[in-house]
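J.: need a structure here:
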Amino acid sequence: MSLAEQFRQEGREETRSLAEQFRQEGRQEGREEGLIFSKQQDILEALGIRFQRVPEGLREEIEAVSDPKKLSLLHRAAITKVDLESFAAEL
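T.: Next up, the predicted model:
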């Protein structure tokens, strides 16, 4: 194998490796975004069931939260707080 062919081969291998790395990172980001979206929807559903409405401003605040741990705490609050005002205080 000539030196040029060796460089081309190494370049192809490096490209494949980088492509696989980007695919894996993309899948991970997609899973995280899906988890966050799902948790946000669960909170909105719980509030809608309990209080028959979710004010648009409150909906926007919930949709702005992207920390899964915070969203889990908010989901619990959506289930346990006595009114929307006490829930909103958790944000």
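J.: Output the below-cut-off pLDDT ranges for the protein.
T.: 7 (pLDDT under 70).
J.: can you map out the helices along it?
T.: Listed in chain order, the helices of the chain (DSSP state H) span 3-51, 56-64, 68-80, 84-88.
J.: List the buried residues in the second one.
T.: Along helix 56-64, these residues count as buried under the neighbour rule (16 or more other C-beta atoms under 10 Å): 58-59, 62. C-beta here means a position set from N, CA and C on the backbone, and glycine is covered the same way.
J.: Which of those residues sits closest to residue 34?
T.: Nearest to residue 34 out of the buried residues of helix 56-64 is residue 62 (C-beta to C-beta; 16.3 Å).
J.: Wait, the closest one touches residue 43, no?
T.: Yes - contact between residue 62 and residue 43 holds when scored by C-beta atoms under 8 Å: they sit 5.4 Å apart.
J.: who touches both of the two?
T.: Common contacts of residue 62 and residue 43 (C-beta atoms under 8 Å, 6 or more residues apart in numbering): residue 74.
J.: ok, residue 86 - contacts?
T.: Here residue 86 is in contact with residue 77 (criterion: C-beta under 8 Å, 6+ apart).
J.: For residue 26, see how far away residue 58 is.
T.: Residue 58 sits 32 Å away from residue 26, going by C-beta to C-beta, to the nearest Å.
J.: Could you count how many residues lie near residue 66?
T.: Neighbourhood size, residue 66 [other C-beta atoms under 10 Å]: 13.
J.: meant to ask about residue 48, not that
T.: Using other C-beta under 10 Å, residue 48 is surrounded by 13 other residues.
J.: pretty sure it contacts residue 54?
T.: Yes - between residue 48 and residue 54 there is a contact under C-beta under 8 Å: 5.5 Å.
J.: measure the closest residue to residue 91 other than its chain neighbours to residue 77 for me?
T.: Sequence neighbours aside, residue 61 is the residue nearest to residue 91 in space, at 5.2 Å (criterion: C-beta to C-beta, 6 or more residues apart in numbering). According to C-beta to C-beta, residue 61 and residue 77 sit 13 Å apart.
J.: Endpoint to endpoint, stretch 77-91 covers what distance?
T.: End-to-end distance of stretch 77-91 (C-alpha to C-alpha, to the nearest Å): 10 Å.
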